[in-house]
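In: Build the 3D model from these lines:
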Amino acid sequence: MYTQNFRLLTQEGHLTMSSLLGGLNSIRSSNIDDGHRGLFYSGLFELATGFERLMKIVLVLDHQLKNDLRNPTNKELKSFGHNIKELFQKCSNLTDDYGLRMELNLDEKQDKIVSTLTNFAKSSRYYNLDVLTNRNSDDDPMRLWVSVIYDHIWSLRVDVRAKLQNKAIQVSDRSGGAGSWLQNIDGNWITMVEFCYLMAATDKANPHIVWSIIKILHPFYALLCYQCEKLHESYTAMGKKDEVPYMYEFFPFLLVSKEDALRKKKW
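Out: The predicted structure is shown next:
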């Protein structure tokens, strides 16, 4: 019979896995048109939840390893906070603690994603309602995410961007609205040509954004492998079993190759 420790960690694993996969699906399908722009919000909600819970799983297991298999108290758990960037740094420090030959580092694009999720998790998830009630001075999460999109659009090949630009001009001309203005998700007004280009470019960039997210989280698979292996050794030495599930088994999608990640439409 499974212990409560095993059962609760298993449930947390399922919740975290579902949050991350839901977030990847939402971001992959999101776009700036009315039919898909809501997916930006659901993607940020789910990813912020998944990121925070994944990192707290790592920190809870680390606490067990360093405190005679004892879980943190609720007060200690709350002390971890909700700042995803700080949680990432705490997890990054564990690789040195464990003597692992791996690093949890962020490049510029990845850092912007983590910063946006951190801002969203801490306060800006209620940005729209808070601004309506004159309560929020945080950055608009959509403005921050547009910057993430632009980063990945500029990473597309020059010929791809040129082709998208030419097609946007053709679509605008055929519609007869080339001179009209439309509002982007960050509130800025852009021309029909710019809107058509950004919509097509976002669709091309989204798989690369998903890949950036996968690369951020990829090292956590190995980190969880190490933690679970050491915990099982400790529990076995005490004559106990079924105390800790193989937590990394909830996240096999973190091992996907770049080629498969860019091709994948459903996570």
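
In: Go through the chain and flag its longest helix.
Out: Of all segments of type helix in the chain, defined using DSSP state H, the longest is helix 192-237.

In: how far does that helix sit from the chain's center?
Out: How far helix 192-237 lies from its chain's middle: 7 Å, per CA atoms, centre = their mean, to the nearest Å.

In: elements contacting it?
Out: Here helix 192-237 touches helix 4-29, helix 38-66, helix 84-98, helix 108-122, helix 141-153, helix 158-175, strand 181-183, helix 258-263, going by 3 or more CB pairs under 8 Å, 6 or more residues apart in numbering; DSSP states H and E. For every residue, glycine as well, the C-beta is placed using N, CA and C.

In: Counting neighbours, which bits of the fourth one end up buried?
Out: Of the residues in helix 108-122, 109-110, 112-121 count as buried by neighbour count, 16 or more other CB atoms under 10 Å.

In: same check, this time on stretch 5-23
Out: By 16+ other CB under 10 Å, the buried positions in stretch 5-23 come out as 5, 9-10, 12-13, 16-17, 19-23.

In: okay if I get those as a markdown table plus pLDDT and distance to residue 71?
Out: Formatted as a markdown table, these follow (pLDDT from 0 to 100; distance: CB to CB, whole Å):
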| residue | pLDDT | distance to residue 71 |
| --- | --- | --- |
| 5 | 91 | 7 |
| 9 | 96 | 10 |
| 10 | 96 | 15 |
| 12 | 97 | 12 |
| 13 | 97 | 15 |
| 16 | 98 | 17 |
| 17 | 98 | 21 |
| 19 | 98 | 21 |
| 20 | 98 | 23 |
| 21 | 98 | 26 |
| 22 | 98 | 27 |
| 23 | 98 | 27 |
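
In: so can I have TSV of those residues showing distance to residue 252?
Out: As requested, the buried residues of stretch 5-23 are exported to TSV (distance: CB to CB, whole Å):
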residue	distance to residue 252
5	23
9	17
10	16
12	17
13	12
16	13
17	9
19	16
20	12
21	11
22	16
23	16
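
In: Name the nearest of those residues relative to residue 260.
Out: Ranked by distance to residue 260 (CB to CB), the buried residues of stretch 5-23 are led by residue 21 at 14.7 Å.

In: The residue lying closest to that closest one once chain neighbours are set aside: neighbouring residues, count only.
Out: Closest residue to residue 21 apart from its sequence neighbours, by CB to CB, 6 or more residues apart in numbering: residue 267 at 4.7 Å. Neighbourhood size, residue 267 [other CB atoms under 10 Å]: 17.

In: Residue 267 against residue 18, yeah?
Out: No. Residue 267 lies out of contact with residue 18 (CB atoms under 8 Å); the separation is 10.6 Å.

In: and the direction of the longest helix of the chain versus that of helix 84-98, what angle?
Out: Helix 192-237 and helix 84-98 are oriented at 40 degrees to each other (axes from the mean of the first three to the mean of the last three CA atoms, to 10 degrees).
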